[in-house]
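Asks: pasted the sequence and its predicted model underneath.
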Amino acid sequence: MPPYMLHHIIYLSRATVAFNEQQLQQLLRQASSRNQALDVTGILLYGQEQFLQVLEGEQVPVQTLYEQIRQDPRHRDVTTFADKQIAQRAFEGWAMAYHPQDPQQLQQFAGLVSPADLWVERPNLTQADQHLLQLLRSFVSP
């Protein structure tokens, strides 16, 4: 275990306006750069004008980043699913990127990771987190 305590936040929010591909790519570039600087990892899913995101890293940067997201005028109806300490990262090295194949369904996220990879069991997640992962699966699967 690292010398510092890890933390994760999982949330769902609605976009105040629909994002087009260009706007989404700009958001993802900014998020990836910021997250790398803060050593924050996780995933970001966008579909049906909703964001579902997992943020993980040291507690202070993760909570500060989440508060900025909650105040961001592009988000509304922010719902927190988890806000707790974790033993290890579930998405090590994932800096919030994805590549949608079509506007109706998110086909890839976190670089070259496909939604099919969500079906791989992650033994480092608690049972509660496994339920949240199931929510992620339902979000990207038809």
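Replies: Right, received. Where do you want to start? Residues are numbered from 1 along each chain as shown.
Asks: so who does the residue lying closest to His7 once chain neighbours are set aside touch?
Replies: With C-beta to C-beta, 6 or more residues apart in numbering as the measure, Gln59 is the residue that lies nearest to His7, at 3.9 Å, once sequence neighbours are left out. (Glycine included, C-beta is placed from N, CA and C.) With contact set as C-beta atoms under 8 Å, 6 or more residues apart in numbering, Gln59 has these partners: Met5, Leu6, His7, Gln85.
Asks: could you list the buried residues of stretch 80-90?
Replies: Phe81, Ala82, Ile86, Arg89, Ala90 (16 or more other C-beta atoms under 10 Å).
Asks: wait, Arg74 sits on Ala15?
Replies: Yes: contact criterion C-beta atoms under 8 Å: Arg74 and Ala15 qualify, at 6.1 Å.
Asks: who's more crowded, the two?
Replies: Using other C-beta atoms under 10 Å as the criterion, Arg74 and Ala15 rank with Ala15 on top: 18 against 14.
Asks: how many residues are close by the residue lying closest to the more buried one once chain neighbours are set aside?
Replies: Once flanking residues are discounted, Ala15 sits nearest to Glu49: 4.6 Å by C-beta to C-beta, 6+ apart. Applying other C-beta under 10 Å, we find 12 other residues in the vicinity of Glu49.
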